[in-house]
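# mind looking at a prediction? Sequence and model below.
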Amino acid sequence: MLSLTFLGTGAAIPTLDRNVSALALQREGETLLFDCGEGTQRQMMRYGAGFTLREVFFTHYHSDHILGLTGLIRTMGLLDRTTPMTLYGPRGAAKVLGGLLAVGIERTRFPVEIVEVRPGDLVSHGEYDIAVFPTDHRADTVGYALVERDRLGRFDPDRARALGVPEGPLWRRLHHGETVELPDGRRVGPAELVGPTRPGRTVVISGDTRPAPGLVEAATGADLLVHEATFGDEEAVRARETGHSTASQAARAAGEAGVRRLVLTHISARYTREAPELLAEAQAIFPDTAIARDGLVVDVPFPDA
Ligand SMILES: [Zn+2]
Ligand SMILES: [Zn+2]
């Protein structure tokens with residue numbers, strides 16, 4: 001299972017329709033939070049994201065991406081959390097995030113570690129990595145890509161039975177690439193029973209950015225690209241000046257990277273909840289585009305599912 005819950009999809013200020021930036025990524029029972037705008041804890045309750053997360057990844061420190069951290073951490077403390085938490089962010093992490101943690105109290109009730117990341121870093125998680133890539137906004141910013149490692153090839157149980165391999169530990173060892181010896185002395189290798197390794201999934205989160213080559217590189221072949229689209233074509237100059245992208249630019253990035261699917265977020269308050277003009281501009285370039293709204297859940301299936 002890999003799915004994203006959009007907790008806040010608006011740019012700069014909360015509106016009745018859109019809260020400010022936060023995105024919960026759920027994978028095999030684990031939750032990662034990307035950015036934490038003001039009011040994120042309430043959005044997490046509303047949309048069932050749960051407070052069991054251990055990690056928050058910040059793309060940058062503009063207030064619409066960080067102000068929810070203090071309240072979220074306080075609530076977790078009041079709920080008697082003891083599980084440690086790790087916060088990741090670009091240059092300045094200790095100062096900015098440490099400052100938010102310190103608001104009103106001397107120390108948090110559970111351990112919180114702050115890790116500064118740089119473009120090119122890989123935060124390893126066993127079955128997947130979080131790759132940090134460069135973006136182009138008005139400050140020190142990064143984007144994040146969740147990249148799953150390759151999975152084992154498909155095991156063929158019918159063929160295993162036909163070859164007389166008894167079900168159990170031998171199947172597991174073959175599946176993991178070992179050659180095994182059967183009770184009758186014959187040797188059987190994985191090539192006879194296991195297909196080629198299958199690629200994992202990749203989800204890419206842009207944060208706030210102008211069109212950025214590092215993003216296209218990180219998103220190449222991704223299953224899902226979550227890209228900011230603060231403005232439409234009519235505000236292209238403003239987008240460039242403020243370090244943001246238009247829906248068309250996000251769609252072009254998706255096309256260049258050859259992703260499977262694009263979801264646009266960080267929508268300016270000037271557009272309606274459905275933002276049909278942004279959707280039309282993007283879909284003219286990259287058809288498989290959706291506009292995020294608060295509460296939207298997007299599942300990311302395996303390509304071969
Ligand atoms: Zn923003
Ligand atoms: Zn920003």
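The structure has been received and is ready for your questions. Residues are numbered from 1 along each chain as shown. Ligands and ions are numbered 1, 2, ... in the order given.

# what separates F58 from H175, distance-wise?
39 Å (Cβ to Cβ, to the nearest Å). Bear in mind the C-beta positions are built from the backbone N, C-alpha and C, glycine included.

# over to V263?
V263 sits 34 Å away from H175, going by Cβ to Cβ.

# and I285, by the same measure?
Distance from I285 to H175, by Cβ to Cβ: 42 Å.

# go on, R260?
27 Å.

# one more: T9?
With distances taken as Cβ to Cβ, T9 is found 41 Å from H175.

# so if I had to pick from the two, which one is more boxed in?
Per other Cβ atoms under 10 Å, whichever of T9 and H175 has more neighbours is T9, with 29 against 17.

# what residue in the stretch 51-200 of the chain comes nearest to ligand 2?
Taking Cβ to the ion as the measure, the point where the stretch 51-200 of the chain comes nearest ligand 2 is H62, at 3.5 Å.

# residues contacting that residue?
139, 208 (Cβ atoms under 8 Å, 6 or more residues apart in numbering).

# what's the spacing between it and R54?
Distance from H62 to R54, by Cβ to Cβ: 24 Å.

# now do H60
H60 is 21 Å from R54, by Cβ to Cβ.

# which residues touch the residue in the stretch 151-300 of the chain that ligand 1 sits nearest to?
Residue nearest to ligand 1 within the stretch 151-300 of the chain (Cβ to the ion): D208, separated by 4.4 Å. Taking Cβ under 8 Å, 6+ apart, we find D208 in contact with 59-60, 62, 65, 135, 137, 141, 228, 230, 243-244, 266.

# mind redoing it with 10 Å?
11-12, 21, 35, 59-60, 62, 64-65, 135-139, 141, 143, 228, 230, 242-245, 266 (Cβ atoms under 10 Å, 6 or more residues apart in numbering).

# in stretch 191-211, what counts as buried?
Neighbour-count burial for stretch 191-211 flags 193-194, 199-211 (criterion: 16 or more other Cβ atoms under 10 Å).

# quick check: phi and psi at I66.
phi -130, psi -20 (degrees, to the nearest 10).

# pull the contacting residues for it.
Contact partners of I66, counting by Cβ under 10 Å, 6+ apart, are 20-21, 35-38, 40, 56, 58-60, 87, 89, 96-97, 99-100.

# restricted to helices, list those.
Judged by DSSP state H, those include 40, 96-97, 99-100 as members of helices.

# show me the helices in the stretch 151-300 of the chain, by range?
Using DSSP state H, counting those that start in this stretch, the helices of the stretch 151-300 of the chain run over 157-162, 169-175, 213-219, 236-242, 247-257, 276-283.

# and the average pLDDT for the shortest one is what?
Right, the one you point to is helix 157-162. The average pLDDT for helix 157-162 rounds to 94.

# quick one: buried residues of it?
Applying 16+ other Cβ under 10 Å to helix 157-162 flags A160 as buried.

# ok, which residues in this structure are in contact with ligand 1?
Applying Cβ under 5 Å from the ion, we find that the chain lies next to ligand 1 at 64, 208.

# so where's the chain uncertain?
Regions of the chain meeting the criterion pLDDT under 70 cover residues 305.

# need the outlier residue of it, farthest from its centre.
What lies farthest from the middle of the chain is D184; by Cα atoms, centre = their mean that is 49.4 Å.

# residue contacts, it?
Counting by Cβ under 10 Å, 6+ apart, the residues that D184 touches are G164.

# equivalent analysis for G99, please.
61, 66, 69-70, 92.

# turn the residues you listed into CSV, including distance to G50.
Converted to CSV, these look like this (distance: Cβ to Cβ, whole Å):
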residue, distance to G50
Y61, 25
I66, 21
L69, 17
T70, 19
G92, 29
